[in-house]
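> what follows is a predicted structure for the sequence shown.
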Amino acid sequence: MKALVKERAEPGLWLVDVPEPEVGPGEVKIRVLRTGICGTDLHIRKYDDWARNTLQLPLIVGHEFCGHVVEVAPGVEDIAVGDLVSGEGHIVCGKCRNCMAGRRHLCRNTVGLGVNRDGAFAEYVTLPASNVWVHRLAIDPDIAAIFDPFGNAVHTALSFPLVGEDVLITGAGPIGLMAAAVATHVGARNVMITDVSDERLDLARKLGVSLALNVATSSIDEGMRRLGLREGFDVGLEMSGNPTAVRQMIASMTHGGKIAMLGLPAEQFAIDWATVVTSMITIKGIYGREMYETWYNMSVLLEKGLDLSPVITDRFSYRDFDAAFDTAASGRTGKVILDWSGGARPERASTEPTEAEAAATMNRSA
Ligand SMILES: NC(=O)c1ccc[n+]([C@@H]2O[C@H](COP(=O)([O-])OP(=O)(O)OC[C@H]3O[C@@H](n4cnc5c(N)ncnc54)[C@H](O)[C@@H]3O)[C@@H](O)[C@H]2O)c1
Ligand SMILES: [Zn+2]
Ligand SMILES: [Zn+2]
């Protein structure tokens with residue numbers, strides 16, 4: 001099969017032929033349809049210090065995907081050949097205290113798909129059945145492919161009650177954009193999102209935010225004045241990993257404000273702890289998705305009309321992966337999707353099935 005592999009300890013990725021993975025005990029084999037390019041994949045292609053210190057080569061990269069089940073190991077229940085599925089890329093140990101207590105997202109021994117084991121940028125991938133989320137309702141495969149980062153957004157956005165609250169989101173990357181859509185959908189009063197990219201702020205406007213503010217040219221105080229806020233934001237969703245954004249967020253919260261932090265800073269930095277203390281601000285770190293409450297929330301939000309389609313801006317065949325990665329690395333787009341279902345695929349209506357989808361549907365009804 002074709003797979004995108006980090007073969008050598010240098011910048012780049014290579015599209016090569018590798019053996020198809022075999023289904024192990026308790027596993028499911030999936031024919032990959034679409035994948036999403038994540039910041040992690042960009043780090044791996046670039047081969048930065050994090051990648052150098054983390055990866056064992058060679059490695060099939062990628063963790064954001066959807067596909068159709070083609071094989072299930074004996075004993076696996078409730079997953080059938082032909083099911084359209086997304087994958088939870090955090091594979092947990094099942095044995096540590098948190099896993100045993102059902103808090104699997106807090107597992108200490110998490111193994112990352114496409115980081116610590118072969119990933120999903122390939123024609124086939126295998127996963128433990130417990131990491132497979134079956135889409136029971138019809139869904140656009142492009143959206144199904146980004147359930148991993150959508151889950152990051154939902155996990156963060158639903159960490160604190162948002163109904164009627166004034167919400168500040170720092171960073172309008174794909175995840176910040178999805179968090180903005182969720183916060184608006186669930187009934188926040190004001191959703192203000194910040195970034196330094198006008199293209200991304202334009203995408204946020206399409207999602208119906210109250211204010212999309214470029215912090216390179218306007219201050220957060222100015223944004224608050226425009227929204228008529230006098231006491232600060234009730235909830236902050238940090239989605240940039242940028243120290244300045246974090247400091248500005250802390251300075252803009254109301255007393256008792258809650259911050260959920262998904263953005264992953266590259267280095268340590270100082271914040272104004274005196275303000276955190278005297279304003280009694282709660283800061284909660286968020287990693288991954290809750291298994292599987294976040295997944296349930298995602299499916300239900302989509303079922304109730306949440307529209308993520310403006311977040312996906314670019315689609316490429318997997319054969320054009322270098323152009324796709326360059327587009328994702330530009331920092332000006334929304335989510336970039338790779339199509340693994342066949343040859344090059346131009347922009348098309350999301351409802352029109354590709355050949356592989358049509359074939360999988362036929363298999364299912366057979
Ligand atoms: N904790 C987790 O489980 C987890 C999972 C995935 C991603 N992440 C992190 O979440 C963050 C968001 O992910 P993404 O894929 O959307 O990333 P991204 O890099 O595409 O988006 C970050 C955005 O922040 C913007 N930004 C930079 N400085 C800013 C500032 N001062 N104020 C406001 N915005 C600013 C950038 O222009 C960019 O658009 C990243 O930091 C990523 O590393 C964390
Ligand atoms: Zn990701
Ligand atoms: Zn565990």
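Great, that's in hand. Ligands and ions are numbered 1, 2, ... in the order given.
> what ranges do the strands span in the stretch 151-300 of the chain?
Assigned by DSSP state E, counting those that start in this stretch, the stretch 151-300 of the chain shows strands spanning 166-170, 190-195, 211-214, 233-238, 253-261, 282-285.
> neighbouring strands for the last one, and are they parallel or not?
Sheet partners assigned to strand 282-285 using DSSP bridges are listed as strand 253-261 (parallel).
> and the protein, which residues reach ligand 1?
Proximity of the chain to ligand 1 is confined to 39, 152, 170-176, 194-197, 200, 215, 239-242, 244-245, 262-264, 286-288, 331 under the rule CB under 6 Å from any ligand atom. Quick note: C-beta positions are derived from backbone N, CA and C, even for glycine.
> just the buried residues from the residues you listed, in PyMOL please.
In PyMOL, this line selects whichever of these come out buried by 16 or more other CB atoms under 10 Å:
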select buried, resi 39+152+170+171+172+173+174+175+176+194+195+196+197+200+215+239+240+241+242+245+262+263+286+288
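> among the residues of the chain next to ligand 1, which are in helices?
39, 152, 174-176, 200, 244-245 (DSSP state H).
> now for those, which pair is the farthest apart?
The span of those, defined through CB to CB, is set by Asn152 and Thr244 at 21.4 Å.
> remind me which residues of the protein are low pLDDT?
343-366 (pLDDT under 70).
> enumerate the residues of this protein near ligand 3.
Taking CB under 5 Å from the ion as the measure of proximity, the chain contacts ligand 3 at 92-93, 96, 99, 107, 109.
> got a ChimeraX select line for the buried ones in the residues you listed?
Buried residues within the residues of the chain next to ligand 3, by 16+ other CB under 10 Å, are selected in ChimeraX with:
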select :92,96,99,107
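> mind putting the residues of the chain next to ligand 3 into a markdown table with distance to Tyr292 and secondary structure?
Below are the residues of the chain next to ligand 3 laid out as a markdown table (distance: CB to CB, whole Å; DSSP: H, G, I helix; E, B strand; the rest coil):
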| residue | distance to Tyr292 | secondary structure |
| --- | --- | --- |
| Val92 | 12 | coil |
| Cys93 | 17 | coil |
| Cys96 | 18 | coil |
| Cys99 | 13 | helix |
| Cys107 | 14 | coil |
| Asn109 | 19 | coil |
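> which one of the residues of the chain next to ligand 3 sits closest to Asp49?
Scanning these for proximity to Asp49, where the rule is CB to CB, the winner is Asn109, at 23.4 Å.
> and the closest one, what does it touch?
Contacts for Asn109 (CB atoms under 8 Å, 6 or more residues apart in numbering) come out as 92-93, 95-96.
> cool, and Trp133?
Residues counted as contacts of Trp133 (CB under 8 Å, 6+ apart) are 85-88, 147, 292, 295, 299.
> whichever strand or helix holds Leu33 close to ligand 2?
Leu33 is located in strand 27-36, with elements delineated by DSSP states H and E. No: shown here: strand 27-36 not in contact with ligand 2 (CB under 5 Å from the ion), separated by at least 6.9 Å.
> what does stretch 42-59 contact?
Applying CB under 8 Å, 6+ apart, the contact partners of stretch 42-59 are 5-13, 61, 114-116, 118-119, 325, 328-329.
> what residue lies at the spatial centre of this protein?
Nearest residue to the geometric centre of the chain (CA atoms, centre = their mean): Pro149, 0.8 Å.
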